[in-house]
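> give the three-dimensional model of this entry:
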Amino acid sequence: MTAATRLADIRHRIARAERTAGRPEGSTTLVAVSKTFPVEEIRPVIEAGQRVFGENRVQEAAAKWPLLRAETDGIELHLIGPLQSNKAAEAVALFDVIHTVDRDKIAAAIAAEGVRQGRRPRLFVQVNTGLEPQKAGIDPREAVAFVERCRSVHGLAIEGLMCIPPAEDAPAPHFALLAKLARAASVDGLSMGMSSDFEIAVGQGATHVRVGSALFGHRG
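So this is what the prediction gives:
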């Protein structure tokens, strides 16, 4: 399958899941996860019409995307991997959306860089719905209070919440929990669902699904 064929198939599946859930078609943004893939493998996906991409690491994104953006207008770049505070300046400069705000130190660093650079990337708070010690994200029991601190203490506008369910768990309960927390925090965005479960996420109200291997193939 070509990149264009895979992209069309994923878009069709998203639209079908939206219809099944009674949602407006086009209400879910596909974030094409291009982490670890070189420029040569990303270009065909751009040529097929995709404009929203996700990267895990600031340095890797900085090495690829200035060139790709110079070639094509309208690229929107999302940081979907953990952010260290010493990378906040680069992240604010490079990314349009950051999905992984998960502690006050990061919130403060993003806020300071936003003022310094005159840039305000859209922000999601990552929630560790499975309470996995090895995974980034705030404790779900603290998520609503943290969103409020981001607003009141750090002056940040939070657009939504993000989660990555444990690989061994059924994803639907985690997506339902994230949606419940988003309502309690008065945010609309739900970044949830990956290649194996994005249709389930759309059914649970995802506004952003992060699809990599189904689009680019499996990484070596």
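> which of the residues in the top helix by length along the chain are buried?
Once the chain is assigned using DSSP state H, the helix that runs over the most residues is helix 3-20. Buried residues in helix 3-20, defined by neighbour count with 16 or more other Cβ atoms under 10 Å: 3, 6-7, 10-11, 13-15, 17-18. Bear in mind the C-beta positions are built from the backbone N, C-alpha and C, glycine included.
> and for stretch 66-80?
The neighbour-count criterion (16+ other Cβ under 10 Å) identifies 68, 75, 77-80 as the buried residues of stretch 66-80.
> of those, which is the nearest to G26?
Closest approach between these and G26, by Cβ to Cβ: H78, at 17.9 Å.
> how close does E168 sit to I80?
When Cβ to Cβ, to the nearest Å is the yardstick, E168 and I80 sit 21 Å from each other.
> typo on my end, it should be C163
Distance, C163 to I80, using Cβ to Cβ: 11 Å.
> tell me, what's touching these two both at once?
S191 (Cβ atoms under 8 Å, 6 or more residues apart in numbering).
> who touches the longest helix of the chain?
Among residues not part of helix 3-20, those counted as contacts by Cβ under 8 Å, 6+ apart are 1, 24-28, 30, 32, 44-45, 47-50, 198-199, 202-203, 209, 211, 214-216.
> follow-up on the earlier one: looking at the buried residues of helix 3-20, which is nearest R183?
Proximity to R183 was ranked across the buried residues of helix 3-20 by Cβ to Cβ; first place goes to E18, at 19.5 Å.
> how far away is that closest one from V202?
Separation of E18 from V202 (Cβ to Cβ) stands at 6 Å.
> now swap in H174 and tell me
As defined by Cβ to Cβ, H174 lies at a distance of 14 Å from V202.
> between the two, who's got more neighbours?
Taking neighbours as other Cβ atoms under 10 Å, H174 and V202 compare with V202 leading, 27 against 23.
> my guess is that one contacts G193, does it?
Yes. With contact defined as Cβ atoms under 8 Å, V202 reaches G193; the gap is 6.7 Å.
> which residues are in contact with both of those two?
Taking Cβ under 8 Å, 6+ apart as the contact rule, the neighbours common to V202 and G193 are V209.
> and V45, how far from K87?
As defined by Cβ to Cβ, V45 lies at a distance of 25 Å from K87.
> who has more neighbours out of the two?
In terms of neighbours (other Cβ under 10 Å), V45 is the more surrounded of V45 and K87; the figures are 21 against 18.
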